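1. Return a 3D structure for these sequence lines:
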Amino acid sequence: MNLLERQNLIVIVSGLSLGILGVLLVVWGNPQNSGICVSCFLENSAGALGLHDNPRMQYLRPELIGFVLGAVAAAFLGREFKSRGGSAPLPRLVAGIFLIVGCAVFIGCPIKMFLRFVAGDLTTLSGIAGLIAGVWLGLKGLAAGVHFGGSKQQPGGAGIWVPLVFVLLLAYVLWPPGFLLHSTRGSAAQSAPVLVALAVGLFLGALAQRSRFCVTGSIRDSLLMGYRTPLLLGLVAFLLSGFIASVATGQFHPGFYGQPGAHLDMLWSFLGMLLVGLISALLGGCPFRQLIKSGEGDADAGLVVIGMFIGGGLVQSWQIAATTAGVSLYGKVAVMVGLIFVLINMLLYRERVV
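-> Take a look at the predicted model:
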């Protein structure tokens, strides 16, 4: 593999940027080990919009808006913005909800999981194992003929609506309306300066659109092609840069105990990330990748994003989200329901050879 090829370089820069900026956002004000966490940002933003009433989880995260709008800008500049969709819309919407359920039970999306890992949080090992197992199971399902159907070009510009929603959210960030909620305590009260967070989001969103870099996509391609996949370069760059930045900023604290935003329910960390990996493999990307694809005009990914917003509200309102004390009964039930949901859809959407 030629590391100097243009596409490989873009992937490596994407991984390096994700690792370094993910750590620096903590230095600039975001919660510890949560410099970048798509599921946490969605839960915070859902709370800011009134979708749940947890006063510690309400803040419209500028990074989240930047991810989508950065991808929109890069897609338009690269002439890659295309309205497409129409494939299994309702299962994708519900799958988006269960993506956040899995993340909330683990406490973090795949990006945050690896940021926690390179900061020395060894409780993430069960989650990493679960994510890899989930992606592997998803690949087995795809190989067996499970397929939600291909996206088709959508007339009328259907793919523009989710980006427009994020333009509206950007207006809310810059000129907050009276109904927008903002925590004064808890993790949502900790944040990097608005313009810094927005700039980081725009930069990472544009890079992710150009590189197609995605954590679960890297694992998927590695399982399929071994060391020959460019996305593996991005994952290695992400882990190395995140580790170096954590050590350099004094955020590296190895161990199982006393880790910020973590619990010791290893089995449920494994199962939560198993659910995330399985759904991500079937949908073609993790929560971060779904945001980027929605910015390219993919209405199917846009429905997943809407589902993730709904999930962000439900996991807080229904006490599904885990805390440092562990995983609630509701969280455990929600993960099992999610796995059953995926199993049923794998049976329903399996193409049978006649």
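
2. Now do the same for residue 156: its pLDDT.
-> Model confidence at residue 156, given as pLDDT, is 69.

3. Below-threshold pLDDT in the stretch 51-200 of the chain: ranges please.
-> Within the stretch 51-200 of the chain, the ranges that satisfy pLDDT under 70 run 156.

4. again, only using 80
-> By pLDDT under 80, the weakly predicted segments of the stretch 51-200 of the chain are 149-152, 154-157.

5. just the strands in it please.
-> Per DSSP state E, counting those that start in this stretch, the stretch 51-200 of the chain carries strands over the ranges 84-85, 152-153.

6. now the helices for the chain?
-> Listed from the start of the chain, the chain has helices (DSSP state H) covering 6-27, 38-48, 62-77, 89-106, 110-118, 124-143, 161-174, 194-211, 215-225, 230-248, 266-283, 287-294, 299-317, 329-348.

7. buried sites along the longest one?
-> This means helix 6-27. Neighbour counts over helix 6-27 (16 or more other Cβ atoms under 10 Å) mark 8, 10-26 as buried. In short, each C-beta sits where N, CA and C put it, glycine included.

8. which helices and strands sit right next to that helix?
-> Under the contact criterion of 3 or more Cβ pairs under 8 Å, 6 or more residues apart in numbering; DSSP states H and E, helix 6-27 touches helix 110-118, helix 194-211, helix 230-248.

9. which one of these lies closest to residue 300?
-> Closest to residue 300 of the helices and strands packed on helix 6-27 is helix 194-211 (Cβ to Cβ; 16.3 Å).

10. got the angle between that closest one and helix 62-77?
-> Interaxial angle of helix 194-211 relative to helix 62-77 (axes from the mean of the first three to the mean of the last three Cα atoms, to 10 degrees): 40 degrees.

11. Is residue 307 in contact with residue 94, as I believe?
-> Yes. Between residue 307 and residue 94 there is a contact under Cβ atoms under 8 Å: 6.3 Å.

12. unless I'm mixing things up, residue 37 is touching residue 104, no?
-> No. Between residue 37 and residue 104 there is no contact under Cβ under 8 Å: 10.7 Å.

13. which of the two has more neighbours?
-> The neighbour comparison of residue 37 against residue 104 (other Cβ atoms under 10 Å) goes to residue 37, with 32 against 27.

14. Leaving out sequence neighbours, find the closest residue to that one.
-> Using Cβ to Cβ, 6 or more residues apart in numbering and skipping the chain neighbours, the partner closest in space to residue 37 is residue 112 (3.7 Å).

15. what sits against the one you found?
-> Applying Cβ atoms under 8 Å, 6 or more residues apart in numbering to residue 112 gives the contacts 33, 34, 36, 37, 38, 39, 40.

16. And the pLDDT at the third one?
-> Residue-level confidence at residue 36 comes out at 95, pLDDT.

17. show me what contacts the nearest residue to residue 61 once chain neighbours are set aside?
-> Excluding its sequence neighbours, the residue lying closest to residue 61 (Cβ to Cβ, 6+ apart) is residue 41, at 4.0 Å. Residues near residue 41 by Cβ under 8 Å, 6+ apart: 61, 63, 64.

18. Same check on residue 306?
-> Going by Cβ under 8 Å, 6+ apart, residue 306 touches 93, 96, 162.

19. Redo those as JSON lines? Include distance to residue 233 and neighbour count.
-> Listed next are the contacts of residue 306 as JSON lines, based on distance: Cβ to Cβ, whole Å; neighbours: other Cβ atoms under 10 Å:
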{"residue": "93", "distance to residue 233": "33", "neighbour count": "19"}
{"residue": "96", "distance to residue 233": "29", "neighbour count": "27"}
{"residue": "162", "distance to residue 233": "30", "neighbour count": "23"}
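
20. Include distance to residue 293 when you put these into a markdown table, please.
-> Below are the contacts of residue 306 laid out as a markdown table (distance: Cβ to Cβ, whole Å):
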| residue | distance to residue 293 |
| --- | --- |
| 93 | 15 |
| 96 | 12 |
| 162 | 10 |
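
21. any idea which of these is closest to residue 227?
-> Here the nearest of those to residue 227, counting by Cβ to Cβ, is residue 96; it sits at 32.0 Å.

22. How much space separates that closest one from residue 311?
-> As judged by Cβ to Cβ, to the nearest Å, residue 96 and residue 311 stand 6 Å apart.

23. if I look at the closest residue to residue 277 other than its chain neighbours, how far off is residue 80?
-> Nearest residue to residue 277 in three dimensions, chain neighbours excluded: residue 134, at 2.3 Å (Cβ to Cβ, 6+ apart). As judged by Cβ to Cβ, residue 134 and residue 80 stand 29 Å apart.
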